[in-house]
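*Asks:* Below is the sequence, then the predicted model.
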Amino acid sequence: MKLIIAASLIISNLFFAQIKVPDDYKKIPDILDTTDYLYPFIIPSKEYAYWRVLSNITDPDKAVIYESQMPGPMTINEPFPEKGFFQKCIGEGCFSYILACKKERSVYFSTEQQLRDFIGTIDNLPEALLIAKTYGYSIDTKNRFTGSYKIEDKYVSIYGLKSKDCPVTKESFLIKINRKTGKLEAKTNGIYDKSDECITQ
């Protein structure tokens, strides 16, 4: 057992040494590691009178994750959709969706593709992180190879990760997102963490 642990540590250290993150990549701020903190930075592709990001919680006071500035109080008098984006479990409080008001009509955005459409052009890093998340990528700001970024005129590039629960596996990726189209390209840097354990939801 000790030999296996030692071997794992040696392999991990070799991996860390192999990935070189260019100097012009900056560290992603720790606070952006939490998805709910990304929504306030969204600049929608179209104009809406107001909009809200909600969780599928039946209590309307607890359901609101974020709401844009709006002219008056907005009541949730419509049932939430049966599914939404970033589904993490089954039941209440397990996914998110957007309810927007356009020309006095309610519009739902409840899939990953619809969230991408709602965001449209990539204006900032939080929007790019949300786009990456809709494709299953996330970040870990503890490491430069899973938590660094660079913003250019045409692209936002991110060193992020993709993980699996069974067996527990973490893989580093260089993600490149076209700021105009939202198109994402990703190149693997290799698996840096793996175990025989399984995490069940």
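*Replies:* Received it, and whenever you're ready, just let me know what you need.
*Asks:* Find me the pLDDT at the spatially most central residue of the chain, would you?
*Replies:* What sits nearest the mean C-alpha location of the chain, by Cα atoms, centre = their mean, is residue 133, with 3.1 Å. pLDDT, residue 133: 97.
*Asks:* cool, residue 142 as well?
*Replies:* Predicted confidence (pLDDT) for residue 142: 95.
*Asks:* where does it land in three-state SS?
*Replies:* coil (DSSP: H, G, I helix; E, B strand; the rest coil).
*Asks:* The nearest residue to residue 30 once chain neighbours are set aside - how many residues pack around it?
*Replies:* Sequence neighbours aside, residue 141 is the residue nearest to residue 30 in space, at 4.9 Å (criterion: Cβ to Cβ, 6 or more residues apart in numbering). (C-beta placed from N, C-alpha, C; glycine too.) Residue 141 has 15 neighbouring residues, counting by other Cβ atoms under 10 Å.
*Asks:* quick one: residue 141 and residue 34, what's the gap?
*Replies:* 10 Å (Cβ to Cβ, to the nearest Å).
*Asks:* Which residue ranges make up each domain of the protein?
*Replies:* According to automatic domain parsing, the chain is divided into the following domains: 21-35+121-194, 45-118.
*Asks:* thinking again about what came up before, doesn't the residue nearest to the centre of the chain belong to a strand?
*Replies:* No: using three-state DSSP, the assignment for residue 133 is helix, not a strand.
*Asks:* That one reaches residue 87, doesn't it?
*Replies:* No: applying Cβ atoms under 8 Å as the test, residue 133 and residue 87 come out as separate, 11.9 Å apart.
*Asks:* ranking the domains of the chain by burial, who's on top?
*Replies:* For the domains of the chain, the largest average neighbour count (mean count of other Cβ atoms under 10 Å) is found in domain 21-35+121-194, namely a mean of 17.
*Asks:* Take that domain and give me the span from its first residue to its final residue.
*Replies:* 22 Å (Cα to Cα, to the nearest Å).
*Asks:* Going by secondary structure, residue 108 is in what exactly?
*Replies:* Secondary structure assigned from DSSP states H and E places residue 108 in strand 105-109.
*Asks:* any residues touching whichever helix or strand comes after that strand, and which ones?
*Replies:* Once strand 105-109 ends, the next helix or strand along the chain (criterion: DSSP H and E) is helix 112-119. Residues outside helix 112-119 that contact it (Cβ atoms under 8 Å, 6 or more residues apart in numbering): 42, 44-45, 85-86, 98, 100, 108-109, 127, 130-131, 134-135, 182.
*Asks:* now stretch 51-64
*Replies:* By Cβ under 8 Å, 6+ apart, the residues outside stretch 51-64 that reach it are 36, 39, 44, 65-68, 74-76, 80-81, 84, 92-101.
*Asks:* re earlier: now, the most widely separated pair of the contacts of helix 112-119?
*Replies:* Spatially, the most separated pair among the contacts of helix 112-119 is 100 and 135, at 22.5 Å (Cβ to Cβ).
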